[in-house]
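Undergrad: No sequence on hand, only this structure:
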């Protein structure tokens with residue numbers, strides 16, 4: 001379990017580092033020279049990723065609450081247990097995406113705080 005959590009943290013850290021580098025490169029191309037400008041870019045990137053993670057949960061919730069989807073699944077050959085297992089796996093996948101995007105966004109926001117603090 002700890003190995004899985006540390007692997008997830010490492011993976012999200014390196015993804016955030018890549019996104020942070022891309023934001024910094026874009027900032028250089030846009031002519032940013034102040035640390036606050038780079039920090040704001042990192043904040044916006046982090047908040048955007050957290051928002052995408054929240055949208056994955058909202059989409060899954062809308063799908064689970066849609067009666068037409070439930071009705072269509074009841075007409076299939078799968079048993080109730082198989083359908084419930086599918087719903088649970090979809091729900092867990094949505095929350096997994098939320099956690100991943102929130103970690104990446106959190107790392108980017110933390111990097112923005114560090115850039116702003118060190119750049120003063």
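TA: Received the coordinates, thanks. These numbers were taken from a predicted model, which means no experiment stands behind them. Residues are numbered from 1 along each chain as shown.
Undergrad: From now on I want contacts and neighbour counts done on CA atoms only, so please keep to that.
TA: Will do.
Undergrad: Pull the contacting residues for the residue sitting nearest the centre point of the chain.
TA: Nearest residue to the geometric centre of the chain (CA atoms, centre = their mean): residue 101, 1.5 Å. Residue 101 is in contact with 49-50, 52-53, counting by CA atoms under 8 Å, 6 or more residues apart in numbering.
Undergrad: Output the below-cut-off pLDDT ranges for the protein.
TA: 61-76 (pLDDT under 70).
Undergrad: Could I get the full set of helices for it?
TA: 2-30, 35-64, 67-74, 80-118 (DSSP state H).
Undergrad: Who are the packing partners of the first one?
TA: It stands for helix 2-30. helix 35-64, helix 80-118 (3 or more CA pairs under 8 Å, 6 or more residues apart in numbering; DSSP states H and E).
Undergrad: again, but for the second one
TA: Using 3+ CA pairs under 8 Å, 6+ apart as the contact test, the elements touching helix 35-64 are helix 2-30, helix 80-118.
Undergrad: wait, which of the helices and strands packed on helix 2-30 is closest to residue 8?
TA: helix 80-118 (7.8 Å; CA to CA).
Undergrad: can you list the residues that contact stretch 105-117?
TA: 13, 16-17, 20, 35-36, 38-43, 45-50.
Undergrad: Counting neighbours, which of these end up buried?
TA: Buried subset of the contacts of stretch 105-117 (neighbour count, 16 or more other CA atoms under 10 Å): 13, 16-17, 20, 35-36, 38-43, 45-47, 49-50.
Undergrad: can you pull the contacts of residue 27?
TA: With contact set as CA under 8 Å, 6+ apart, residue 27 has these partners: 37-38, 41.
Undergrad: number of nearby residues for residue 9?
TA: 16 (other CA atoms under 10 Å).
Undergrad: can you pull the contacts of the residue lying closest to it once chain neighbours are set aside?
TA: Among residues not flanking residue 9 along the chain, residue 103 sits closest, at 7.6 Å (CA to CA, 6 or more residues apart in numbering). Contact analysis of residue 103 by CA under 8 Å, 6+ apart lists 9, 12-13.
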